[in-house]
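Asks: Test case, fold it:
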Amino acid sequence: MVSFIQALILSLVQGITEWFPISSSGHLALAEHFLGMQNFGFTVYLHFASVLAVIILFWKDIINLVVKKQYKYLLKIAIAVIPVAIIGIWLEEHVKNSFSNMFFIGVFFIIFGVFAYSTKYAREIKKTPSNADAAQIGISQVFSLFPGVSRSGMAVSSGLVLGLKKQEAIKFSFLLAVPLIMGASLFEAREIALAEISFITFITSFTLTLFISLITIKLLIKIIEHNKFYLFGVYNILLGAIVILYSLFG
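Replies: Numbers count the residues shown, from 1 in each chain. Sure thing, here's the model as predicted:
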């Protein structure tokens, strides 16, 4: 059973970390560890609120993809979804088990941090991703299955490193998030039913996560536009080192 206070804390963590490139899964795993709990179903539920924020902010782009029949762009999104969907199902149990391994989480925070920092040297040379770019972004998403690696962060970082313009890297990352998060959440829908959430907690946590997610996405867009995205890499590296030290000596 998730208490109301625990739900509020986890909702804040999810709302902030899902879209900032600092790994929501990693931070939720850390939060649950220090709260003395682990409820996979509740974290799955919170992801619905996060993805709704994307739909609200990017609804015009989503509608245009369908109404204007931008099938080539939809194909690129599909190409990027396939690798993580296949590997995610294949490694489902390993992914779940990794959430309780603090050392493992710390290592992946550092690995992602180094990659995110590398975007400092990226150059804008492409207006839209090619099918090959979409495939590479999709492969990078596989690492985000594990706590410590940010899904949105990997997508944006990969896009920037591949030379996409900032706005396009943002757009592709967030549009890609809709089928990925919705698909993963629906795949784990049974876990939500087992989460034992009271009605008040259910509504409050969803609303709070949605509100914080909307603010976080808008802030992230401004940070990327001002060429400060790489600073998240520093945060991830430092946090990863702290988590590793805690796992060894805490």
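Asks: Do a quick rundown of the helices in this structure.
Replies: For the chain, applying DSSP state H gives helices covering 4-17, 24-35, 40-57, 59-67, 71-90, 92-98, 102-117, 131-143, 151-161, 166-187, 189-193, 199-225, 231-249.
Asks: Which strands or helices does the third one pack on?
Replies: Under the contact definition 3 or more CB pairs under 8 Å, 6 or more residues apart in numbering; DSSP states H and E, helix 40-57 sits against helix 4-17, helix 24-35, helix 166-187, helix 189-193, helix 199-225. Yep, even glycine has a C-beta here, placed from its N, CA and C like the rest.
Asks: Spatially nearest residue to the residue nearest to the spatial centre of the chain, not counting backbone neighbours?
Replies: With distances taken as CA atoms, centre = their mean, residue 151 lies nearest the centre of the chain, 3.6 Å away. Spatial nearest neighbour of residue 151, chain neighbours left out: residue 144 (3.8 Å); criterion: CB to CB, 6 or more residues apart in numbering.
Asks: wait, what's in contact with that neighbour?
Replies: 23, 25, 84, 150, 151, 153, 154 (CB atoms under 8 Å, 6 or more residues apart in numbering).
Asks: any idea how far residue 108 is from it?
Replies: 9 Å (CB to CB, to the nearest Å).
Asks: Give the residues shared as contacts by these two.
Replies: Taking CB under 8 Å, 6+ apart as the contact criterion, the residues that touch both residue 144 and residue 108 are residue 23.
Asks: about what we covered before: so for residue 71, which of the helices and strands packed on helix 40-57 sits nearest?
Replies: helix 166-187 (14.1 Å; CB to CB).
Asks: centre of the chain versus the closest one, how much separation?
Replies: 9 Å (CA atoms, centre = their mean, to the nearest Å).
Asks: got the CA coordinates for it in PDB?
Replies: Only the C-alpha atoms of helix 166-187 are listed here, as PDB (Å, rounded to 0.1, in the frame of the first residue of the first chain):
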ATOM      1  CA  LYS A 166      17.700  21.700 -31.100                       C
ATOM      2  CA  GLN A 167      14.000  22.100 -31.800                       C
ATOM      3  CA  GLU A 168      13.900  19.000 -33.900                       C
ATOM      4  CA  ALA A 169      15.800  16.900 -31.300                       C
ATOM      5  CA  ILE A 170      13.300  18.100 -28.700                       C
ATOM      6  CA  LYS A 171      10.300  17.400 -31.000                       C
ATOM      7  CA  PHE A 172      11.400  14.000 -32.000                       C
ATOM      8  CA  SER A 173      12.300  13.000 -28.400                       C
ATOM      9  CA  PHE A 174       8.900  14.000 -27.000                       C
ATOM     10  CA  LEU A 175       6.800  12.500 -29.900                       C
ATOM     11  CA  LEU A 176       8.800   9.300 -29.500                       C
ATOM     12  CA  ALA A 177       7.900   9.300 -25.800                       C
ATOM     13  CA  VAL A 178       4.100   9.000 -26.400                       C
ATOM     14  CA  PRO A 179       4.100   5.400 -28.000                       C
ATOM     15  CA  LEU A 180       7.000   4.300 -25.800                       C
ATOM     16  CA  ILE A 181       5.600   5.300 -22.500                       C
ATOM     17  CA  MET A 182       2.000   4.500 -23.400                       C
ATOM     18  CA  GLY A 183       3.100   1.100 -24.700                       C
ATOM     19  CA  ALA A 184       5.200   0.200 -21.700                       C
ATOM     20  CA  SER A 185       2.500   1.400 -19.300                       C
ATOM     21  CA  LEU A 186      -0.200  -0.600 -21.000                       C
ATOM     22  CA  PHE A 187       2.100  -3.600 -21.100                       C
END
